[in-house]
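Novice: take a look and give me a structure for this.
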Amino acid sequence: MIQSFRLTSTEVEQRMAEVAQKTGLSIDATLSNELKSHVFGDFLTHDSVCVKAKNVVEFMKVFPYLRVTLERVEWLKQESVDTKAHPRQLIVAKLDATRRWQLLLHSVFGILWQEIVVYLPSTYEFAIAFQPFTNTSFEVIESYKVQQFHKLIQTCVRSAWIEQGRDRGMIPPFNLDNSEFSALCQRFEEHPNYFTQQSHKWATTIIKFLLFKTEETSGEGNNQENNGNNDDEGDSDNDKDDELREVLEATLEEHGLELREDSIFCQEFLNHEICCNLEEVVAVMLVTNALFRYSHVAWSTLHDEVEDELKSLALDEGMDWIPAAKQLISSKHFRSRACESSQKRYHDLSDDEEFEKSRRRARRDEWEDDDDDENSSDEDQDCWC
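Specialist: Numbers count the residues shown, from 1 in each chain. Down below sits the predicted model:
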């Protein structure tokens, strides 16, 4: 599991004040406002670090968004002495060396680099942070960051694959640039805690998705070789789709739900157009069903907001999807909002009914006026006769 070292703003301010008191240095001047939450960590527990405060400050200048530890400060100092290079020049060389993937796995800098990728999820922030060291355009740096981020994901998936007792050489290849993974990669950026603290969960989700896609693809290949002569094998893909559909329907039924044919999310899941797990689909359907119980307007008004809250519980706080959905829809806050939307719907319908009544009255008056005109016209004709 990738470790998270984010600090709250209060913790950051406290540690900055303590460092300033011990060292007499203006730490704040070395940090950018956007990256303060990634600074310091546990280095204050090592008194020996504060004795060499200049090394600490130099480290923070080079890595202003990473945890500062005794090991890392000593590493940076030793590397600078060995190479006789300024720390910034050293980092440029290290950045160039990261093109060799082995360095990311077997060195102190490799661990640092993983934190860099994790804690600068925005490619724009990443480019801003490293542009002074590389003198490279933002576009090139952004592309490089995405490549490294994808390598981290692939490494976690490989580790989970091996932990499951599978042959390391049999993992299906996958391209994270494909559309079925776009929502997952975006989720990593929007919910960094999910990426860093729940790597086993999302790696398992990717593995299940890959296994299903691989079986489906191999089935298609066999069907093409048989040229459709074997009807049983020709229906293998349909059988696999039916199996997934049956599992989803059975799981929904366990929670008192039915598969909604109008659910785009369910259809994307069944068609393998999006990499997600079955529990998330059921959780979303629980929320959808709860909102529809109040009214269609409650769903159309609140479903985006409520689904964001569901994601926060599951991705940021680490809850399982279905328990998170049940907790959410049973809360007083959820019920009060849904009731409020339903009442608004009632008032809207009442207004519509009053409008319809007034429209009907107006039409009746028009008809009566027309009848009066016709009667008067008949009387005039009688007079002329």
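
Novice: from here on, contacts and neighbour counts on C-alpha atoms
Specialist: OK.

Novice: so where's the stretch 251-385 of the chain shaky on pLDDT?
Specialist: Flagging of the stretch 251-385 of the chain using pLDDT under 70 yields the residue ranges 344-385.

Novice: which stretches of it form helices?
Specialist: 264-270, 278-294, 296-311, 321-329, 332-384 (DSSP state H, counting those that start in this stretch).

Novice: now the third one: buried residues?
Specialist: When burial is assessed from 16 or more other Cα atoms under 10 Å, helix 296-311 yields the following buried residues: Val297, Ala298, Trp299, Leu302, His303, Val306, Glu307, Glu309, Leu310, Lys311.

Novice: so which residues make contact with that helix?
Specialist: Outside of helix 296-311, the residues that reach it under the criterion Cα atoms under 8 Å, 6 or more residues apart in numbering are 284, 287-288, 291-292, 321, 324-325, 328, 338, 341-342, 345.

Novice: buried among the residues you listed? Make that a PyMOL selection.
Specialist: Per 16+ other Cα under 10 Å, the buried members of the contacts of helix 296-311 correspond to this PyMOL selection:
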select buried, resi 284+287+288+291+321+324+325+328+338+341+342+345
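
Novice: and the closest residue to Arg335 other than its chain neighbours, how far from Phe188?
Specialist: The shortest distance from Arg335 to any residue that is not its chain neighbour, by Cα to Cα, 6 or more residues apart in numbering, is 7.2 Å, and that residue is Ile329. Look at Ile329 and Phe188: by Cα to Cα, to the nearest Å, they are 25 Å apart.

Novice: now do Glu317
Specialist: 14 Å.

Novice: neighbour count for the two, which is higher?
Specialist: Comparing Glu317 with Phe188 by other Cα atoms under 10 Å, the one with more neighbours is Phe188, at 19 against 14.

Novice: so which helix or strand takes in the more buried one?
Specialist: Assigned by DSSP states H and E, Phe188 falls within helix 182-190.

Novice: can you mark which positions in that helix are buried?
Specialist: By neighbour count on 16+ other Cα under 10 Å, the buried set for helix 182-190 is Leu184, Cys185, Phe188, Glu189.

Novice: again with stretch 145-159
Specialist: Using 16+ other Cα under 10 Å as the test for burial, stretch 145-159 gives Lys145, Val146, Gln148, Phe149, His150, Lys151, Leu152, Ile153, Gln154, Cys156, Val157, Arg158.

Novice: next, count neighbours for the residue nearest to Arg335.
Specialist: The local packing of Ile329 (other Cα under 10 Å) involves 20 other residues.

Novice: report pLDDT for Phe149.
Specialist: Predicted confidence (pLDDT) at Phe149: the value is 82.

Novice: name the element it belongs to?
Specialist: Phe149 is part of helix 138-163 when elements are defined by DSSP H and E.

Novice: do Pro173 as well
Specialist: For Pro173, there is no host helix or strand (DSSP H and E).

Novice: any idea of the mean pLDDT for stretch 160-168?
Specialist: If you average the pLDDT over stretch 160-168, you get 89.

Novice: any buried residues in that stretch, and which?
Specialist: Residues of stretch 160-168 classed as buried: Ala160, Trp161 (neighbour count, 16+ other Cα under 10 Å).

Novice: before I go, just wanted to say thanks for your time.
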